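K.L.:
No letters, just coordinates:
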């Protein structure tokens with residue numbers, strides 16, 4: 001159309017034009033439950049009115065230079081097949097997002113592998129983006145294959161909020177850098193030339209131009225030396241922080257030992273020091289979890305270099321850059337962040353060390369009131385001895401059971417969270 005914000009593009013079989021008002025009916029009809037389950041912002045039912053409003057909003061963003069909303073049509077008969085959207089990130093205007101869907105009856109024809117490189121190239125050239133990212137659920141094998149086929153690199157994984165289903169879903173994240181960072185065909189030496197080939201319908205040329213370089217760059221001797229020093233630095237930092245972890249554990253052990261000595265020093269001593277030692281151990285646990293989050297950063301980087309840089313050399317395979325590990329490591333240096341939440345860090349240290357310390361304190365507490373000053377004769381006597389000042393024994397025992405039970409539950413829940421993130425996954429691309 002003459003008033004469209006950008007010119008249509010073509011591949012061998014498809015035409016990509018700006019979405020228009022007349023696409024509303026077909027869009028609403030094609031948005032079925034099977035399609036909606038894989039996309040984040042397309043709920044079901046998706047009515048004609050919702051489609052018309054979505055198209056109006058998409059065209060408005062396109063006119064402002066913030067998006068490329070493509071209607072994918074069959075080049076021969078003009079039938080609407082689906083949508084492809086390249087949208088600019090609000091926080092970083094040089095970063096964009098890639099999303100798409102095709103109608104059910106058009107699956108399995110290789111349409112996305114044909115049009116994805118074309119759409120991505122247009123996003124780089126028309127929106128002047130530096131990088132475009134995308135996400136797909138773990139179960140969406142077809143989309144993950146499409147993202148890899150068009151040159152995208154895995155950069156991580158995590159949960160994102162999905163408005164269409166009002167919940168969080170776990171996804172793999174991918175990105176691809178603008179063509180200046182990719183392998184460009186000798187016949188297509190710039191993004192502008194790439195678009196010329198695209199508009200002419202040379203999809204094969206577009207795919208070749210957006211295919212990532214495999215081993216265009218190999219590490220020089222100086223770069224390998226720099227990486228070796230970098231690895232030594234990360235190992236040193238992880239060792240220092242590992243020592244700091246041991247310090248807080250030692251504090252908890254010493255505190256427990258002092259409490260045990262005071263409590264069992266004579267038969268009339270109060271068991272209250274064991275209660276305070278348990279509370280103090282939780283304080284040390286939180287300190288240690290905070291330190292563990294930092295330790296995990298250095299450990300993850302060192303382990304990443306071991307598995308992707310040193311291990312292939314030891315196996316005689318050479319260093320491969322195809323799986324994108326240098327980009328993931330570089331991003332971790334440019335955008336440093338913790339790789340584990342505080343809750344999961346507390347859970348790990350609790351399962352490794354503190355559950356045993358708390359268990360010893362609990363046994364010592366019950367043992368103290370059971371044998372001193374004389375062995376108990378019945379349960380009522382145990383409850384009576386558990387009382388502390390104005391606090392009745394029933395309340396003290398209930399508090400002890402809830403305290404220890406809560407931490408056992410916390411340890412189990414965080415173990416489940418750890419396994420949900422790292423357990424049994426076919427793709428492991430996240431550090432930490």
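P.N.:
That came in fine, so what should we check first? What you are looking at is a predicted structure, and each value in this text was computed from that prediction instead of being measured.
K.L.:
what's the single longest helix in this structure?
P.N.:
helix 221-263 (DSSP state H).
K.L.:
same question for it, mean pLDDT?
P.N.:
In this model, helix 221-263 has an average pLDDT of 90.
K.L.:
Give the next helix or strand downstream of it.
P.N.:
Following helix 221-263 in sequence order, the next helix or strand is helix 272-305 (DSSP states H and E).
K.L.:
got a pLDDT number for the most centrally placed residue in the chain?
P.N.:
Nearest to the mean C-alpha position of the chain, by Cα atoms, centre = their mean, lies residue 158 at 2.5 Å. Looking at residue 158, its pLDDT is 83.
K.L.:
so it touches residue 173, yeah?
P.N.:
Yes. At 7.1 Å, residue 158 and residue 173 qualify as touching, with contact defined as Cβ atoms under 8 Å. All C-beta spots, glycine's among them, are computed from the backbone N, C-alpha and C.
K.L.:
The residue nearest to the centre of the chain is in what secondary structure piece?
P.N.:
strand 153-162.
K.L.:
Pull up the pairing partners for that strand, direction included.
P.N.:
strand 167-177 (antiparallel) (DSSP bridges).
K.L.:
for the longest helix of the chain, packing partners?
P.N.:
Judged by 3 or more Cβ pairs under 8 Å, 6 or more residues apart in numbering; DSSP states H and E, helix 221-263 is in contact with helix 272-305, helix 355-371.
K.L.:
got the angle between it and helix 272-305?
P.N.:
Angle, helix 221-263 to helix 272-305, by axes from the mean of the first three to the mean of the last three Cα atoms, to 10 degrees: 170 degrees.
K.L.:
For the closest residue to residue 40 other than its chain neighbours, list each beta-bridge partner.
P.N.:
Nearest residue to residue 40, sequence neighbours excluded (Cβ to Cβ, 6 or more residues apart in numbering): residue 162, at 4.6 Å. On the basis of DSSP bridges, residue 162 is bridged to residue 167.
K.L.:
Tell me how many other residues surround residue 162.
P.N.:
Residues lying near residue 162 (other Cβ atoms under 10 Å) number 17.
K.L.:
now swap in residue 174 and tell me
P.N.:
25.
K.L.:
show me the contacts for it.
P.N.:
Listed by Cβ atoms under 8 Å, 6 or more residues apart in numbering, the contact set of residue 174 reads 133, 134, 135, 136, 147, 148, 152, 153, 154, 155.
K.L.:
ok, now how distant is it from residue 97?
P.N.:
Distance of residue 174 to residue 97, computed by Cβ to Cβ, to the nearest Å: 11 Å.
K.L.:
list residues touching both of the two?
P.N.:
Joint contacts of residue 174 and residue 97 (Cβ under 8 Å, 6+ apart) are 133, 134.
K.L.:
related to what we said a few turns ago, ranking the helices and strands packed on helix 221-263 by burial, who's on top?
P.N.:
Among the helices and strands packed on helix 221-263, helix 272-305 has the highest mean neighbour count (mean count of other Cβ atoms under 10 Å), at a mean of 19.
K.L.:
who does that helix touch, helix- and strand-wise?
P.N.:
Using 3+ Cβ pairs under 8 Å, 6+ apart as the test, helix 272-305 ends up in contact with helix 221-263, helix 325-334, helix 342-349, helix 355-371.
K.L.:
Run through who's touching the shortest one.
P.N.:
In other words, helix 342-349. By Cβ under 8 Å, 6+ apart, the residues outside helix 342-349 that reach it are 245, 285-286, 288-290, 292-293, 296, 340, 410-411, 413-415, 417-418.
K.L.:
which parts of that helix are buried?
P.N.:
344, 345, 346, 347, 348, 349 (16 or more other Cβ atoms under 10 Å).
K.L.:
so which of the residues you listed comes closest to residue 10?
P.N.:
residue 344 (48.8 Å; Cβ to Cβ).
K.L.:
now the closest one: how far from residue 249?
P.N.:
For residue 344, the distance to residue 249 (Cβ to Cβ) stands at 18 Å.
K.L.:
related to what we said a few turns ago, of the helices and strands packed on helix 221-263, which is nearest residue 8?
P.N.:
If we rank the helices and strands packed on helix 221-263 by Cβ to Cβ, the stretch that ends up nearest is helix 272-305, at 43.2 Å.
K.L.:
downstream neighbour of that closest one in the secondary structure list?
P.N.:
Next helix or strand after helix 272-305 toward the C-terminus (DSSP H and E): helix 311-314.
K.L.:
residues in contact with that following helix?
P.N.:
318, 319, 320.
K.L.:
In helices, which of the residues you listed fall?
P.N.:
Going by DSSP H, the helices hold none of the contacts of helix 311-314.
K.L.:
Name the member of these with the most neighbours.
P.N.:
residue 319 (17 neighbours).
K.L.:
Would you mind confirming that that residue makes contact with residue 223?
P.N.:
No. Using Cβ under 8 Å, residue 319 is not in contact with residue 223, being 10.4 Å away.
K.L.:
Please, where are all the strands along the stretch 51-200 of the chain?
P.N.:
67-74, 80-88, 95-102, 131-137, 153-162, 167-177 (DSSP state E, counting those that start in this stretch).
K.L.:
average pLDDT across the longest one?
P.N.:
Over the span of strand 167-177, the pLDDT mean works out to 88.
K.L.:
Check which residues of that strand are buried.
P.N.:
169, 171, 172, 173, 174, 175, 176, 177.
K.L.:
Pull the distance from that strand to the chain's centre.
P.N.:
7 Å (Cα atoms, centre = their mean, to the nearest Å).
K.L.:
Would you mind getting the angle between it and strand 131-137?
P.N.:
140 degrees.
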